[in-house]
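Colleague: I need the structure of the sequence given here:
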Amino acid sequence: MASAQTSQSSGNTISTGGGLVDRYAAALYAHAADQHQLDLVVEQVDALGRLIDESADLKRLLRSPLIDVNTAQKALRAALEAQGFGKIVLDFVGVVVSNRRMGALRGVITAFAALVAAKRGVIVAEVSTAHPLTEVQEQQLRARLIEAGYGNVNIVKRVEPALLGGLVVRIGARLFDSSLKSRLQRLQYAMKGAV
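Modeller: Predicted coordinates for the structure are as follows:
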């Protein structure tokens, strides 16, 4: 998948430039594969994404342009070591920070997950809803995607209250939009055209 994403507390949000995050993600993938630690790195990078999503302090640290690079690097390394992250992930985060790309770290993590999915033949479906999906709703959505021919699907969820209701599903370049927001917009355009 070419787009890179960032994550919010209950799901993922598309954000960040694709080229930069894709290059970092590809470099991490290649290095992990060369070290024969790809599965471990995939697991740890996923955990790092969840950690960023769940920590407001960590999000602020990554987004702040005022934090000194050395201070940020020490703080991040200490926090990640305390969480049990391995050398490859620690070193990679260190490179991202030293290159002054902290703000892109979450996007790199998402691009890495998309790259891993693509290499493993998993289709990524980005699902945006106004409210978090229940387990039953997610299972129903997965069943519908399988019926539509998307057998091995990884559902990446995000919550967008602005949608009001319904859902938006993006699979690669395909977009399925049944949100209440777009229905209202279509109605508004239709009413303008009738006048």
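Colleague: CA atoms only: put whichever strand or helix holds L20 into CSV for me.
Modeller: According to DSSP states H and E, L20 maps onto helix 18-34. Only the C-alpha atoms of helix 18-34 are listed here, as CSV (Å, rounded to 0.1, in the frame of the first residue of the first chain):
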residue,chain,number,x,y,z
GLY,A,18,4.1,8.5,1.5
GLY,A,19,7.6,8.7,0.1
LEU,A,20,9.5,9.4,3.3
VAL,A,21,7.7,6.9,5.5
ASP,A,22,7.8,4.2,2.8
ARG,A,23,11.6,4.6,2.5
TYR,A,24,12.1,4.3,6.2
ALA,A,25,9.6,1.3,6.4
ALA,A,26,11.4,-0.5,3.5
ALA,A,27,14.8,0.1,5.2
LEU,A,28,13.5,-1.4,8.4
TYR,A,29,12.0,-4.3,6.6
ALA,A,30,15.2,-5.1,4.7
HIS,A,31,17.4,-4.8,7.9
ALA,A,32,15.1,-7.0,9.9
ALA,A,33,15.0,-9.6,7.2
ASP,A,34,18.8,-9.5,6.8
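Colleague: Residues touching stretch 67-83, excluding its own?
Modeller: Contacting residues not belonging to stretch 67-83 are listed as 47-48, 51, 58, 61, 89-90, 93-94, 97-98, 100, 102 [C-beta atoms under 8 Å, 6 or more residues apart in numbering]. For glycine as for every other residue, the C-beta is placed from the backbone atoms N, C-alpha and C.
Colleague: With pLDDT added, can I get those residues in CSV?
Modeller: Compiled in CSV, those are given as follows (pLDDT from 0 to 100):
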residue, pLDDT
A47, 92
L48, 91
L51, 89
L58, 84
L61, 84
V89, 93
L90, 92
V93, 92
G94, 91
V97, 90
S98, 89
R100, 88
M102, 88
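Colleague: Which two among those residues are spaced furthest apart?
Modeller: Largest separation among the contacts of stretch 67-83 by C-beta to C-beta: A47 and R100, giving 24.2 Å.
Colleague: how near is the spatially most central residue of the chain to L62?
Modeller: The centroid of the chain falls nearest to T110 when counting by C-alpha atoms, centre = their mean (3.7 Å). For T110, the distance to L62 equals 13 Å [C-beta to C-beta, to the nearest Å].
Colleague: Same check on P132?
Modeller: Remark: distance between P132 and L62 (C-beta to C-beta) = 24 Å.
Colleague: Just want to know which of these two has more residues nearby.
Modeller: The residue with more neighbours, out of P132 and L62, is L62; 21 against 13, by other C-beta atoms under 10 Å.
Colleague: what sits up against the helix or strand containing that one?
Modeller: In the assignment (DSSP H and E), L62 maps to helix 56-63. Applying C-beta under 8 Å, 6+ apart, the external contacts of helix 56-63 come out as 51-52, 67, 72, 75-76, 79, 102-103, 105-106.
Colleague: Tell me the most packed of those residues, by neighbour count.
Modeller: Ranking the contacts of helix 56-63 using other C-beta under 10 Å puts R106 first, with 27 neighbours.
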